[in-house]
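Chemist: Sequence first, then the predicted structure, then my questions.
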Amino acid sequence: MKILNKLIFLIIQCILIISVTNAQVDCDGTDNPYPIYNELPVLVNQTANGKLYKIGPPDNLINIIELYGTPYQRGLAQGQLLKSEINDIFGNFFGYITVMVNELVTKYADYLPKFLVDALEEGGVGLALDITADLTKKYTPKAFFEEMQGIADGSGIEYKTILRLHMFPELIKAACSMVGAYNSATLNKGLLQLRALDFGFDPMNPLRLHPTVMIYHPESVANGGDGGHEFATLSWAGFLGTLTGYSQHVGICEKYWYGYNGTSSREGIPFHFLLREIIQFDESIDEALNRIINADRTCSVFMGLGSNQTNTFKAVEYSYEYVRVFDDQTPFPSYVPTPSAHPAIQDVVYIDKFVQPSNHQCLASVLQKSLGSIDVTSLINAAAQLQTGDIHIGIYDYQENQMYVSVGTQSGPYPPPSNFTIIPAYARQFIQIDLNSFFNQ
């Protein structure tokens, strides 16, 4: 019976692959033309609990910051080493997010709790962020607050402002794409994970200004720290939550779930703090799922979970009401019959940037063409052809313990002149970061 079921699955998969291959494939972009930048980072500054590096060509520099010690010590080190960058982002952030959130409320008011919509209309974004902070406080581990206090002390920015910034992912709806390819699908038979963050890329978005890879070395609980293992996140200066992250054990990514029509709540742990706890403390997909299932969940997102332990990847429908888990053989989304534009692909789990279920065939077609030989370059080109990942892209190579990142235009004057041109991450040069040189020190 198991052999028969497997055979039926393969037949269905072949039919779906043929149907997509024969259909007109609408990929808006072309392959990324740049070689991967693989020179070493340069140390530019350090303090008691941190080291700051720069990596990349002169017109495409990214911060790498290593943070050591307790949550407060790590926050203080980041605040000191990235003081000007953090002040730059925070000084311009609230004006930008006010415009963005007001536009989103106009379009998506039906997806937000009524009290939150009322708060936005009556008291603006500041009040909505304060309410979100109050509702999530008792569910949030104190280590996050200690680290935020450290950033405030190191950067000179008011703690309340730091806290407000960390509430905005609960209000914002980002598009995003994800891919997990492994075993027979990849060239080296290891696990590769793509995370592309689409977040309203425009010249006025201050989150593009100071992209930062943060590498954490948590102090043990026995020595007064919060414990866990080393991990890396791709973020921006001053932000502690995790939207893109990897440890030697697991990797995470996320995408907003636009099609969710169930109940939501703002009382629970912010999802980006939960994702960081996964890469800091969990060693397998099962441990991550146990954390997710038992969490006080808030809004609805898709999550991607990769594991070095099992060399596999799973997608998760994460919501206040329920959790659903998908592998390469599970009909996506919502366990309903697989759409023709999203065929099951053996040893590949993927979600594109569009509202799900997606009728866009590009990502499936690109992945199928590389099936059996998917490598980092394949995923770079997949993002470029789909034109996904405007703010940043992270690719994790679990077998080699490498992270490849690309970011949208981060240099130039701010506020930019009206004729200022920016380039999204998917159309720029990727930068290789060898995590072997940072982990296990």
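Modeler: Thanks, I have the structure now. Numbers count the residues shown, from 1 in each chain.
Chemist: Excluding sequence neighbours, find me the nearest residue to Pro218.
Modeler: Gly228 (4.8 Å; CB to CB, 6 or more residues apart in numbering). Using the backbone N, CA and C atoms, a C-beta is placed for each residue, glycine as well.
Chemist: same thing with Thr233?
Modeler: For Thr233, ignoring the flanking residues on the chain, the nearest one in space by CB to CB, 6+ apart is Gly245 at 4.1 Å.
Chemist: Show me what that neighbour is bridged to.
Modeler: For Gly245, the beta-bridge partners are Thr233, Ile252 (DSSP bridges).
Chemist: hmm, back to that, return the residues in contact with the residue nearest to Pro218.
Modeler: Pro218, Gln280, Phe281 (CB atoms under 8 Å, 6 or more residues apart in numbering).
Chemist: Give me the three-state assignment for it.
Modeler: Three-state assignment for Gly228 (DSSP: H, G, I helix; E, B strand; the rest coil): coil.
Chemist: Could you tell me how far it is located from Gly180?
Modeler: From Gly228 across to Gly180, the span is 23 Å (CB to CB, to the nearest Å).
Chemist: List the contacts of the helix or strand hosting Ala315.
Modeler: Using DSSP states H and E, the element containing Ala315 is strand 312-318. Under the criterion CB under 8 Å, 6+ apart, residues 178, 180-183, 191, 193, 257, 260, 271, 285, 289, 292, 297, 300-307, 323-327, 332-334, 349, 351 lie in contact with strand 312-318.
Chemist: Which stretches in the stretch 201-350 of the chain count as strands?
Modeler: In the stretch 201-350 of the chain, the segments counted as strands under DSSP state E, counting those that start in this stretch are 211-218, 231-236, 245-247, 250-256, 301-307, 312-318, 323-326, 348-351.
Chemist: what separates the last one from the chain centre, distance-wise?
Modeler: When you say that, I think you mean strand 348-351. Relative to its parent chain, strand 348-351 has a centroid offset of 15 Å by CA atoms, centre = their mean, to the nearest Å.
Chemist: what's the model's confidence in that strand, averaged?
Modeler: Averaged across strand 348-351, pLDDT comes to 98.
Chemist: next one: stretch 381-396
Modeler: Mean pLDDT, stretch 381-396: 97.
Chemist: start to end distance for it?
Modeler: 15 Å (CA to CA, to the nearest Å).
Chemist: what sits against the residue lying closest to Ile55 once chain neighbours are set aside?
Modeler: Nearest residue to Ile55 in three dimensions, chain neighbours excluded: Pro41, at 3.9 Å (CB to CB, 6+ apart). Going by CB under 8 Å, 6+ apart, Pro41 touches Tyr53, Lys54, Ile55, Ile64, Ile433.
Chemist: Could you measure from Pro41 over to Tyr68?
Modeler: Distance of Pro41 to Tyr68, computed by CB to CB: 17 Å.
Chemist: coming back round to it: identify, from the contacts of Gly228, the entry nearest to His392.
Modeler: Gln280 (20.3 Å; CB to CB).
Chemist: Quick check: the gap between the closest one and Ser247.
Modeler: 7 Å.
Chemist: which residues do those two both contact?
Modeler: By CB under 8 Å, 6+ apart, Gln280 and Ser247 have these common neighbours: His229, Phe231.
Chemist: Give me the more crowded residue out of the two.
Modeler: Neighbour totals were compared for Gln280 and Ser247, and Ser247 leads with 25 against 22 (other CB atoms under 10 Å).
Chemist: Count the residues that sit near the nearest residue to that one once chain neighbours are set aside.
Modeler: Among residues not flanking Ser247 along the chain, Phe231 sits closest, at 3.9 Å (CB to CB, 6+ apart). Using other CB under 10 Å, Phe231 is surrounded by 26 other residues.
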